[in-house]
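> Sharing a model that was predicted from the sequence below.
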Amino acid sequence: MATRHHQRRLSRRLGKVDRAGREAAPVQTPRTRKGLNTCLSLAALFLGLITMAGMARADLSVASLTQSGDPVLLGSPVTYSLTVSSNSATGAPEFLSVDIRDSSGTSLTPQSMPAMNSTGCAWDGLWFCSDVLPGQAVTVTFTWTPPAGNSNLTFTLGCSPSCGGGSASITTRAGQAPNAADDPGNTTPMNTAIAIDVLLNDSDPQNSPLSVERSISPPPANGTAEVNPDNTITYRPKPGYTGPDSFGYTIRNALGFGDAATVSVNVTVPAPPPPVANDDNAVTPPGTDVLIPVLENDNGQGLPLSLDSVTQPANGTASIGTGGISYTPNASFVGTDSFVYRVSTTSGSDSATVTVTVSAGFVAKPLAVNTTSGKPVVIDLVASNSGAVAAVIASPPQNGTAVLKSDGTVTYTPKADFTGKDSFDYTVSDGDGQNATGTVTVTITAGFIASTVNANARSGQAVVIDLIESNNGAAAVEAIGTPRNGTAALNTDGTVIYTPRPGFAGVDSFDYTIRDGSGRTATGTVSVSVSTAAQTATPTDLASLPGLTDQQLAVAQVMDGVCAAVETGELAQHCAAIAGMSSSDQTNALDQLVPDQLHSMGTQSVEATTTQLANVKARMLELRGGGLGLLSLSRLRLAITGTSVPLGALAQAALQQQAADDGDAAVTPSPRFGVFVNGRINLGEKATTGREVGFDFSTQGVTLGMDYRFSDRFFMGGALGYAAGSADFDVNAGELDTRSTSLSVYGSYYQSERFYLDWMLSVAQSDYELNRTIVFSGVNTVATGKPDGSQYGGAVNFGADYHLGSVLLSPYARLEYVAATVDAYTESGGSGFALAVDEQTVRSLTTALALRLSRTHSLRWGVLVPALHAEWEHEYSDDSRDIRARFANAPGAGSFTLTTDNPDRDYFNLGANVSAVTAGGKAFFLSYEAVLGQANMRNSTIEFGFRAEF
């Protein structure tokens, strides 16, 4: 059929065409020229066929092939659009046909046909056909419903009379949506998360992998739901919530089709754990009954305990009675007997063993009690032992304290964070002077403690207090007490409505009892501060004041939030006063509130560690340099009291014999042990900058150490140090005191008599007391902070000694690292302006290139060595720091950050010192050093020391 179409179309194209493209009338030729004309016509026909065939082959191409959707749901129609363009600018229209087949070669029947623009072309069930004008394009469209799976369609072009044409392929995926099934029946205990595998009951018709969308919609009303990487969903109920909850989720298959379902969760009240029965001990005289209160040290986990059964001991009888188990030993039995009992609650049961000691003399019972972390428990040592009249503590507990009263009772208090078993021994005495010793065993479990809840109220006006929110782990409020100066009503959600009586002002309180999810109870106190006059927050706009520094602006923004929130107390009163100030007074108040003293603790902590390292460096310098070295002066000699003595021997004279009265001295081997005491005083001042308040400072340090020389090339030692520092801030802004203790190890290695390598390590613990003075209109107060801190540091020196007669030239290089931490703390005092300050960390990494010059002078009493040194020091690490703080009385108002100054990167240390060694082997030194080149700092140091060897 397609061939007939082509032939009919071709026959019309063979007619003559005028210049405008219209078909011309046939030309009449004379009969006499008929043969020639026939030949010419055949030739023209042949050439035309060749030309048209060549044009068709070259002038048509596929411009595009698109589809309306991929993938599509099974049964959905897809519309395909094929655009074919002519690449010829001129000439006759091209005849186009399109064949559409699937991957098996089956011709497809579209559901719609394109509009035909040629009378010589019609749809015959296999082909589309159309005319394509030169330089134009034609788009063929049809709609088809693909089957399930992947359908690969091929569109093949045909043209008249015969051409290679072109083709294009496209793939359409058709499939079905997955089936998401609801997930009912999930349960989890209160305060317990549950992971739910929602895909277990979901399916996909194509058996393709399923995934869960990360978004949960709708979310649960009483908890949270989160999709995990393994496509499970973790549901977490709200703290304390019990009851039904649900949420929705959506799944997707490999084709991207989705379906939604609902997950239902029932949050249940957890069942209390089973009881815990603890072993018991008892003591009784022969033939004497003893009642053992076995339930006193057992734990019902919040449920009533019942004593179910008891086994019979081998040497007596045991029976359940009121208050415990009654044990009766056999007549004349003396020794140890035992039996087992069982307790139970509605949650289960447990067993324990009772050991009874039947003793003929006065005995002290082994006692056992239970308590929780940090909670005291009272034990009556006298009442617990028959015949006892007095008691003493024989050995204290290891994990708590035991305080004995004169009535024979002892109060045991475990450490706040301790759980487990603790014990202590006690001794009781009877009226006949007999003594007996027993043991008290205390079992400490993790405590559930009710906190003291503070609240504010106005006279006669109710306030709501949330006791559940105020206590971590609380599930319900069991009961509340009665306040003296108002009323308190308990709501089912754990909140209390407290209403002070009209006219009352002051502090009122009442007790409350809460319960956790395991059934444990605890009792706490609610304290309400009641004011008479109604107060409201007084907003301020300090941040808009002109000319504020960065530090002032940071504090101003937080103060604006504080004053907009607080309604009662000192802070609210100060906000009202500040709001009524002039702009200049407000700026002055901000300047006082900026805690620019905080940076000084970092400076002092580094200085304390540097002091200890410097004392150790002085010791090693004393051993080695400037006339005091173990090796560097071995070539020099000194005349003392008319006798020539080697100078190196003189430096170690503690174990050397005194020089002979005449002639050269015979010297004993150098001593190996040395003891030293070095001191250091550091004085200086720092100028006030835009970020930090200035201060004068001083640091005093003393180091006591001992070292041992393993060989002429190597020695090591250790030292203990103490440093005390103080800083007085400018403009009466307060003061800082620092106390630091340290432990150091050090050593030195001589490659030869010229080259050496020193090393030092130091760790330290510091205590700080910072008093910030805050003074502005209407306020004169001091806020005090007492944080702890720690430091560690190390240094490595490498140098060489060059002897030029009695002159020693020593170039050296040093690498030093110090790290210090100031713990987070909360200030006291401050009239409402106390701060909670985050942890601070300071790091310093420096190198130094230096030259030391010394000369040895021999005197009648010993050796004197003056010296000079110069160092170029570079700081690499001690960048500006951010210190974050917030107002402790308004933590919800946000925090502010203060940035310290950038350090000086390059500066110089210039110093002079003098050392002396006596003929008796004692060594002394004194040195002074000044730091030059620091922009805002003046710093100088005095060092002194003494050494003896043995």
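Nice, thanks for sending it over.
> Okay, strands next: where are they in the stretch 701-850 of the chain?
In the stretch 701-850 of the chain, the strands defined using DSSP state E, counting those that start in this stretch lie at 714-729, 734-750, 755-776, 779-785, 788-800, 802-804, 807-822, 825-826, 828-829, 835-837, 840-855.
> Make CSV from the ones you listed and add distance to residue 614 to it.
The C-beta positions use only the backbone N, C-alpha and C, and glycine is treated the same way. Compiled in CSV, the strands of the stretch 701-850 of the chain are given as follows (distance: least, CB to CB, whole Å):
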stretch, distance to residue 614
strand 714-729, 10
strand 734-750, 11
strand 755-776, 10
strand 779-785, 28
strand 788-800, 9
strand 802-804, 24
strand 807-822, 10
strand 825-826, 28
strand 828-829, 35
strand 835-837, 29
strand 840-855, 12
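> looking at the ones you listed, which has the lowest confidence?
Summarising mean pLDDT across those, the least confident stretch is strand 802-804, with a mean of 83.
> And that strand, what does it pack against?
strand 807-822 (3 or more CB pairs under 8 Å, 6 or more residues apart in numbering; DSSP states H and E).
> Just want the angle from the strand it packs on to strand 734-750.
Orientation note: strand 807-822 sits at an angle of 130 degrees relative to strand 734-750 (axes from the mean of the first three to the mean of the last three CA atoms, to 10 degrees).
> any low-confidence regions in the stretch 851-950 of the chain?
Counting by pLDDT under 70, the stretch 851-950 of the chain shows low-confidence ranges at 878-879, 919-921, 946-950.
> And this structure, what are its domain boundaries?
In the domain annotation for the chain, the residue ranges read 1-175, 183-268, 273-360, 362-447, 453-531, 542-593, 599-949 (automatic domain parsing).
> Next one: the nearest residue to residue 382 once chain neighbours are set aside from residue 428, what distance?
The shortest distance from residue 382 to any residue that is not its chain neighbour, by CB to CB, 6 or more residues apart in numbering, is 3.1 Å, and that residue is residue 408. When distances are taken as CB to CB, to the nearest Å, residue 408 and residue 428 turn out to be 8 Å apart.
> which neighbours do the two share?
381, 382, 388, 390, 391 (CB atoms under 8 Å, 6 or more residues apart in numbering).
> that older thread, of residue 408 and residue 428, who's got more company?
The residue with more neighbours, out of residue 408 and residue 428 and counting by other CB atoms under 10 Å, is residue 428; that gives 26 against 20.
> Confirm for me that the more buried one is in contact with residue 390.
Yes: Residue 428 is within contact range of residue 390, at 6.9 Å (criterion: CB atoms under 8 Å).
> list residues touching both of these two?
Common contacts of residue 428 and residue 390 (CB under 8 Å, 6+ apart): 382, 408.
> Buried members of the shared contacts of residue 408 and residue 428 into ChimeraX, please.
Only the buried entries of the shared contacts of residue 408 and residue 428 go into this ChimeraX selection, using 16 or more other CB atoms under 10 Å:
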select :381,382,388,391
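> Widest-spaced pair of the shared contacts of residue 408 and residue 428?
381 and 390 (9.0 Å; CB to CB).
> Quickly list what's touching both of the two.
Where contact means CB under 8 Å, 6+ apart, the residues bridging residue 381 and residue 390 through contact with each are 408, 428.
> if we can go back for a sec, which residues does the residue nearest to residue 382 contact?
Residues in contact with residue 408 (CB under 8 Å, 6+ apart) are 380, 381, 382, 383, 388, 390, 391, 428.
> go on, residue 719?
Residue 719 makes contacts with 612, 615, 616, 619, 703, 704, 705, 706, 743, 744, 745, 746, as judged by CB under 8 Å, 6+ apart.
> so what's the fifth one closest to, chain neighbours aside?
The shortest distance from residue 703 to any non-neighbouring residue, by CB to CB, 6+ apart, is to residue 615 (3.7 Å).
> Against residue 216, how distant is the one you found?
With distances defined as CB to CB, the gap from residue 615 to residue 216 amounts to 64 Å.
> what does residue 898 give?
Remark: distance between residue 898 and residue 216 (CB to CB) = 42 Å.
> Ok, residue 748 next?
67 Å.
> Looking at the two now, which is surrounded by more residues?
Comparing residue 748 with residue 216 by other CB under 10 Å, the one with more neighbours is residue 748, at 24 against 19.
> shouldn't the more buried one be in contact with residue 620?
Yes: look at residue 748 against residue 620 with CB under 8 Å: they come within range, at 5.4 Å.
> list residues touching both of those two?
Shared between the contact lists of residue 748 and residue 620 (criterion: CB under 8 Å, 6+ apart) are residues residue 758.
> Next, the contact list for the spatially most central residue of the chain, please.
Residue closest to the average C-alpha location in the chain (CA atoms, centre = their mean): residue 839, at 12.9 Å. Contact analysis of residue 839 by CB under 8 Å, 6+ apart lists 821, 822, 823, 824.
> that older thread, sort out which of the contacts of residue 719 are buried, if you could.
Buried members of the contacts of residue 719, scored by 16+ other CB under 10 Å, are 612, 615, 616, 619, 703, 705, 744, 745, 746.
> Show me what the fifth one is bridged to.
Beta bridges link residue 703 to residue 678, residue 721 when assigned by DSSP bridges.
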